[in-house]
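A.B. asks: Sequence and computational prediction follow.
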Amino acid sequence: MSKLYMTFASGSVANQISKKPGVIMASGRETILLSEGEHNPFQSGKVFEIEESSGQLSSRGSILYANVPVDSNARKLLFHQLLKEKVHIGAGVNHSVNYRFGYDPDDEHAILFIQFEGSAQPFLDSPDYAVFQERLNEAIEHRGAGPIIKHYVVNESDNL
C-alpha cells in the first residue's frame, strides 16, 4: 500500500513547501499540499493509506477531494462501485482522470482524490457527478453524517 501526504498552508509558507520535489500545491477554499511515496515532506498534516490508484498526480489540472465517514466494509463497497463504472468519477467527461482512493488510519474514513487534466467543472455539472454524490451518500447512510467534498485547482508554481 502506498501513502499520500496532505497538509494545509498559506502564503509564502505554501510557496516554499511547494518547491520541494514531488509536492503538488492546489488551491480551493484553502490551499492543500500533496505528496506521495514513503517519505513525508511535511512537518504536520495527514497521512493516508492508498488502496486504489491510477495515473500520476501532476502539477496541473483540478482535484476533487472527498472525505467520507464510513467503516472499512462500506469503504470497500464504495470503491468497488465507483471503479466498476469510472464514468461516475469523471472518466466520461475528461479524457485523463487520475485518482487515489484510500483511508485515513486515524478514523477509517474513506478519502478520494480525483484529478482531472483540465477543469473539473464539466464533471461537476454532469449527471455523473450527481451519481458520484449519491454513491458517497449511500455509503454513509447509516452513519447520519454527510461527505465533505472540496474542489481545488492545481497551478504549477514558477520555479524562479
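C.D. replies: That came through, no problem.

A.B. asks: ranges for the helices of this protein?
C.D. replies: Counting by DSSP state H, the segments of the chain that form helices are 11-18, 72-84, 121-124, 127-139.

A.B. asks: which residues are contacting the third one?
C.D. replies: Yep, that's helix 121-124 we're talking about. Helix 121-124 is contacted by residues 62, 64, 90, 93-94, 116, 129, 151 when judged by C-beta atoms under 8 Å, 6 or more residues apart in numbering. The C-beta positions use only the backbone N, C-alpha and C, and glycine is treated the same way.

A.B. asks: Pull out the buried positions in stretch 85-95.
C.D. replies: Residues of stretch 85-95 classed as buried by neighbour count (16 or more other C-beta atoms under 10 Å): 87-94.

A.B. asks: with those in mind, which one is nearest to Gly28?
C.D. replies: Within the buried residues of stretch 85-95, proximity to Gly28 (C-beta to C-beta) peaks at Gly90, which comes in at 16.5 Å.

A.B. asks: Which residue, other than its chain neighbours, is closest to that closest one?
C.D. replies: Leaving aside its chain neighbours, Gly90 sits nearest to Phe123 (4.0 Å; criterion: C-beta to C-beta, 6 or more residues apart in numbering).

A.B. asks: What is the burial count for that neighbour?
C.D. replies: For Phe123, the neighbour count with other C-beta atoms under 10 Å is 24.

A.B. asks: related to what we said a few turns ago, among the contacts of helix 121-124, which are located in strands?
C.D. replies: 62, 64, 116, 151 (DSSP state E).
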